[in-house]
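Peer 1: Sequence plus the predicted model coming up.
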Amino acid sequence: MGRIGLGEIIVIGLVIMLLFGAKKLPELGTALGEFLKRFKKATRDINEDVKNITKDNDPHI
């Protein structure tokens, strides 16, 4: 029950096209891509900071 099938994805895509229009979809895709890129970079930076802090506090790591 938890999986989304191809039919559901098509319906979601059609609803998005109706709400935003076909001309806005490339802009939305670009904005989503930028958001994901920044989110991944921030997550990576936080992980590196945590590793550096734990490495500084425990020399055995």
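Peer 2: Nice, thanks for sending it over.

Peer 1: Show the end-to-end separation of stretch 17-30, please.
Peer 2: 15 Å (C-alpha to C-alpha, to the nearest Å).

Peer 1: same question, stretch 11-29
Peer 2: Terminal-residue distance, stretch 11-29 (C-alpha to C-alpha): 18 Å.

Peer 1: Does the residue nearest the centre of the chain lie in a helix or a strand, and which?
Peer 2: The geometric centre of the chain, computed from its C-alpha atoms, lies nearest to residue 36 (C-alpha atoms, centre = their mean), at 3.8 Å. Residue 36 is part of helix 25-57 when elements are defined by DSSP states H and E.

Peer 1: by contact count, what packs against that helix?
Peer 2: Under the contact definition 3 or more C-beta pairs under 8 Å, 6 or more residues apart in numbering; DSSP states H and E, helix 25-57 sits against helix 6-20. In this view, the C-beta of every residue, glycine as well, is placed from N, C-alpha and C.

Peer 1: what's the average pLDDT for the helix it packs on?
Peer 2: Average pLDDT, helix 6-20: 89.

Peer 1: quick revisit: quick one: contacts for the residue nearest to the centre of the chain?
Peer 2: With contact set as C-beta atoms under 8 Å, 6 or more residues apart in numbering, residue 36 has no partners.

Peer 1: before we move on, the earlier item: centre of the chain versus the helix holding residue 36, how much separation?
Peer 2: 9 Å (C-alpha atoms, centre = their mean, to the nearest Å).

Peer 1: Let the chain start at 47 from now.
Peer 2: In the new numbering, first residue 47, that becomes helix 71-103.

Peer 1: and that helix, what's its mean pLDDT?
Peer 2: On average, helix 71-103 scores 90.

Peer 1: by how many degrees do it and helix 52-66 diverge?
Peer 2: 110 degrees (axes from the mean of the first three to the mean of the last three C-alpha atoms, to 10 degrees).
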